[in-house]
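Enquirer: Fold the following.
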Amino acid sequence: MGSEELIAVAGELYALVPGEFVAARNERAARIKTDGDAELARAVKALPKPAAAAWLANTMVRHLSEQLDQVLELGEAMREAQEDLDAAQLRDLNRQRRQLVAAVVREGRKVAARLGQKVSEAAAEQTAATLQAAMADAGAANALRTGLLVEPMAAVGMDPVELAGVLAVPEALGEQAPRAPRGTAPRAARRAGKEDAAAALRAEIARAQEETQAAERSAATAERELRSAEDQAHRLEARALQLRSEVEELRRRLDEREHTLAGVEDRLDEAAEARQDAAVAHVEAQAAVEEARGKLERLRRK
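Expert: Next up is the predicted model:
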């Protein structure tokens, strides 16, 4: 079995969302076994499902490669420059580095949301720790670049990051291009390179700070607009509730009036009939009066 085949299969599987991983892995292992490569099938079947923080880091490798490259380049520059920086500068740079990592993790959570995945605060913190470890240690940086993490990483002081159990396919580290060895250039050239790296690092972090501040200002503006929209919505909801209440009251009163009108109309029909009967009786009475007067007049003439 060649590690290249296993790395290729793992690359496809670890690009999936967590809910799809196990079924896809088992289906792929079964297909490989059917094709006659039992050893590769066993290796694929043994690939572990990544922890949430590891999945987010792998996803960022695939979807935020440019931002991650900037983070890792900053880490490399800091490793080069830290020998010539004093403690205050290092504290300031580390603070700014944490801000940059937090901003990139926020972008990663947005990518996860677009993929239908909700990332907990704990997983986001572990992913941030993973990026911090990759900035602090070249081996961890190479591990992150594989996109095959199954567990998050963490840096402990200045010690190399422990990578045992971190990668799905440890042989994938061999796919990463090695960094140029240190110590081969003249001392003056090395010092100049460190000074250049420190200057580049400070400039890059300053730009990252500006971008973070601009994003925070935009977020604050969006939050104000959201609150304004929510206030307007609440006012309109209250007005709509009031109008609904008034409409219901008007409907109730209309029902009462319609009921009253129906009664009046019934009585009006009865009154109309009575009036008709009275009119007939009146005509008959008038005729009787005329007849009586005529009779009386005839009697008087006699």
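Enquirer: gap between the helix or strand of the chain with the lowest mean pLDDT and the chain center?
Expert: Across the helices and strands of the chain, the lowest-confidence element by mean pLDDT, DSSP states H and E is helix 187-301, at a mean of 78. Distance of helix 187-301 from the chain centroid (CA atoms, centre = their mean, to the nearest Å) equals 35 Å.
Enquirer: Equivalent analysis for stretch 24-38, please.
Expert: Distance of stretch 24-38 from the chain centroid (CA atoms, centre = their mean) equals 35 Å.
Enquirer: repeat for stretch 40-53
Expert: For stretch 40-53 - counting by CA atoms, centre = their mean - the centre lies 28 Å from the chain centre.
Enquirer: Numbering from 2 from now on, please.
Expert: OK, 2 is where the count begins now, so the last one is stretch 41-54.
Enquirer: CA atoms only for that stretch, dumped as PDB, please.
Expert: Taking Å, rounded to 0.1, in the frame of the first residue of the first chain, the C-alpha atoms of stretch 41-54 are listed here in PDB:
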ATOM      1  CA  LEU A  41      -5.600   0.100   1.900                       C
ATOM      2  CA  ALA A  42      -9.200  -0.700   2.800                       C
ATOM      3  CA  ARG A  43      -8.200  -1.500   6.400                       C
ATOM      4  CA  ALA A  44      -6.200   1.800   6.600                       C
ATOM      5  CA  VAL A  45      -9.100   3.800   5.300                       C
ATOM      6  CA  LYS A  46     -11.600   2.100   7.700                       C
ATOM      7  CA  ALA A  47      -9.200   3.000  10.600                       C
ATOM      8  CA  LEU A  48      -9.200   6.700   9.800                       C
ATOM      9  CA  PRO A  49     -10.800   8.500  12.800                       C
ATOM     10  CA  LYS A  50     -13.500  11.000  12.700                       C
ATOM     11  CA  PRO A  51     -12.000  14.400  13.400                       C
ATOM     12  CA  ALA A  52     -12.700  16.300  16.600                       C
ATOM     13  CA  ALA A  53     -14.800  19.500  16.100                       C
ATOM     14  CA  ALA A  54     -11.800  21.800  16.500                       C
END
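Enquirer: quick one: contacts of that stretch?
Expert: The contact list for stretch 41-54 (CB atoms under 8 Å, 6 or more residues apart in numbering) reads 2, 6-7, 10-11, 14-15, 19, 22-23, 26-27, 29-31, 33-34, 59, 120-121, 124-128, 130-131, 150-153, 169-170. All C-beta spots, glycine's among them, are computed from the backbone N, C-alpha and C.
Enquirer: Check which helices and strands the least confident helix or strand of the chain is in contact with.
Expert: helix 66-82, helix 88-115 (3 or more CB pairs under 8 Å, 6 or more residues apart in numbering; DSSP states H and E).
Enquirer: Can you give me the distance of the residue nearest the centre of the chain to L69?
Expert: With distances taken as CA atoms, centre = their mean, A114 lies nearest the centre of the chain, 4.4 Å away. According to CB to CB, to the nearest Å, A114 and L69 sit 18 Å apart.
Enquirer: Equivalent analysis for A215, please.
Expert: Taking CB to CB as the measure, A215 falls 20 Å from L69.
Enquirer: go on, A58?
Expert: 9 Å.
Enquirer: the more surrounded of the two?
Expert: Set A58 next to L69 and count neighbours by other CB atoms under 10 Å: A58 wins out with 29 against 23.
Enquirer: and the more buried one, what element?
Expert: With secondary structure defined by DSSP states H and E, A58 is part of helix 53-64.
Enquirer: still on that earlier bit, give me the subset of the contacts of stretch 41-54 that lies in helices.
Expert: Here DSSP state H is the test, and those give 6-7, 10-11, 14, 19, 22-23, 26-27, 29-31, 33-34, 59, 124-128, 130-131 as lying in helices.
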